[in-house]
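Visitor: coords below, sequence missing:
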DNA sequence: TATTGTTATACTCTATAACTATA
DNA sequence: TATAGTTATAGAGTATAACAATA
């Protein structure tokens, strides 16, 4: 019974989470930045400055691809590139203030969409989601 | 207060759902099919047979792109193409048994990963998610 | 004449291989 | 000699434009 219930929970949760993520993704206003550029920018914000190879590894792309992605971000004035203090082969890439502003804007837009959907729920349903949110977070950390 | 809490709920939920969806996406074994082919196949399973133009509209791509996507699916033996009964300009694309089996396999794999994560939670946490799953589903329908 | 689907062609994004500069 | 990053080039995947078949 427990097993059968969890199989069903896996299924329902997978479908709901996948669809909700797709809707959220579609809400980006962006237009000028590609999804990959946006993802790289978010990684730089979250983990701080890093070398091109490290950033490429984070995003699971090859260094040549990241070279182009970063070039675009730099041209848009969202990141800075500076030589590594000790190893002059390396380049340190960091998000700047404009980059942070853009990410904040993007998040606000998606969260505004979600907040409108949440407002259509009953208070009980919202309470259920408030309880579930930290559990969903834990799922992604294991 | 309510507003502030919901702002936070939007934020937490957005992050958790986005990350969980990314992990689930990464679990596909697939290898041979592209993500777009997989998505088109799932649409055919969910909505039944349809013309190429209808399928392209569903997947938000242009007809020439869908021509190629469907060609790959047909070559892999997962869909059938047959002329429309009345309008011979149209082609009806349908998923076949092999296509359904492949989708079921793919889902089982992702759900197995999720079930393992769920098994690591406490019974209370699982109960919380069971209550939340239908609410999350409602969110995507509004 | 309008519509469905395909073919021709170009653009974007990614990859591997070759190259430059540093270690 | 090995490593970090860039440049050269090729392979997916998508798009618009032009075309063939049918309505």
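Guide: That came through, no problem. Just so it is clear, the model here is predicted, and its values are computed rather than measured. Numbers count the residues shown, from 1 in each chain, chains lettered A, B, ... in the order given.

Visitor: Tell me where chain A has strands.
Guide: A:50-51, A:79-83, A:91-95 (DSSP state E).

Visitor: who wins for proximity to DNA strand C among the ones you listed?
Guide: Closest approach to DNA strand C among the strands of chain A (CB to the nearest atom of the strand): strand A:79-83, 8.8 Å. Every residue, glycine included, has its C-beta placed from N, CA and C.

Visitor: The lowest-mean-pLDDT helix or strand in chain A near DNA strand D at all?
Guide: Here the helix or strand of chain A ranked lowest by mean pLDDT, DSSP states H and E is helix A:2-26, holding a mean of 82. No - judged by CB under 7 Å from any atom of the strand, helix A:2-26 stays clear of DNA strand D, getting no closer than 13.9 Å.

Visitor: can you put the strands of chain A in a markdown table and add distance to chain B and mean neighbour count?
Guide: Below are the strands of chain A laid out as a markdown table (distance: least, CB to the nearest CB, whole Å; neighbours: other CB atoms under 10 Å in any protein chain shown):
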| stretch | distance to chain B | mean neighbour count |
| --- | --- | --- |
| strand A:50-51 | 20 | 18 |
| strand A:79-83 | 22 | 15 |
| strand A:91-95 | 18 | 19 |
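
Visitor: Can I get these in JSON lines including distance to DNA strand C and mean pLDDT?
Guide: Shown next, in JSON lines, are these (distance: least, CB to the nearest atom of the strand, whole Å; pLDDT from 0 to 100):
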{"stretch": "strand A:50-51", "distance to DNA strand C": "13", "mean pLDDT": "98"}
{"stretch": "strand A:79-83", "distance to DNA strand C": "9", "mean pLDDT": "96"}
{"stretch": "strand A:91-95", "distance to DNA strand C": "11", "mean pLDDT": "98"}
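
Visitor: Now do the helices in chain A.
Guide: Shown for chain A, the helices assigned by DSSP state H span residues A:2-26, A:35-47, A:52-59, A:63-75, A:97-119, A:123-141.

Visitor: Mind checking those for the one nearest to residue A:85?
Guide: helix A:52-59 (15.4 Å; CB to CB).

Visitor: That closest one - contacts with which helices or strands?
Guide: helix A:35-47, helix A:63-75, strand A:91-95 (3 or more CB pairs under 8 Å, 6 or more residues apart in numbering or on different chains; DSSP states H and E).

Visitor: now, of those, which is deepest in the fold?
Guide: Scoring the helices and strands packed on helix A:52-59 by mean neighbour count under mean count of other CB atoms under 10 Å in any protein chain shown gives strand A:91-95 as the most buried, with a mean of 19.

Visitor: does any part of it sit near DNA strand D?
Guide: Yes - on the criterion CB under 7 Å from any atom of the strand, strand A:91-95 is in touch with DNA strand D at residue A:91.

Visitor: Quick one: residues in contact with that strand.
Guide: A:41, A:44-45, A:48-52, A:55, A:70, A:78-84, A:103 (CB atoms under 8 Å, 6 or more residues apart in numbering or on different chains).

Visitor: switch to 6 Å and redo it
Guide: Strand A:91-95 is contacted from outside by A:44-45, A:49, A:52, A:55, A:70, A:79-82, A:84, using CB atoms under 6 Å, 6 or more residues apart in numbering or on different chains.

Visitor: Ok, stretch A:58-76 next?
Guide: Here stretch A:58-76 has contacts from A:36-37, A:40, A:43, A:52-53, A:55-56, A:79, A:81, A:93, using CB under 6 Å, 6+ apart.

Visitor: Quick one: name the residues of chain A near DNA strand C.
Guide: A:34, A:36, A:60-62, A:64-65, A:68-69, A:86-89.
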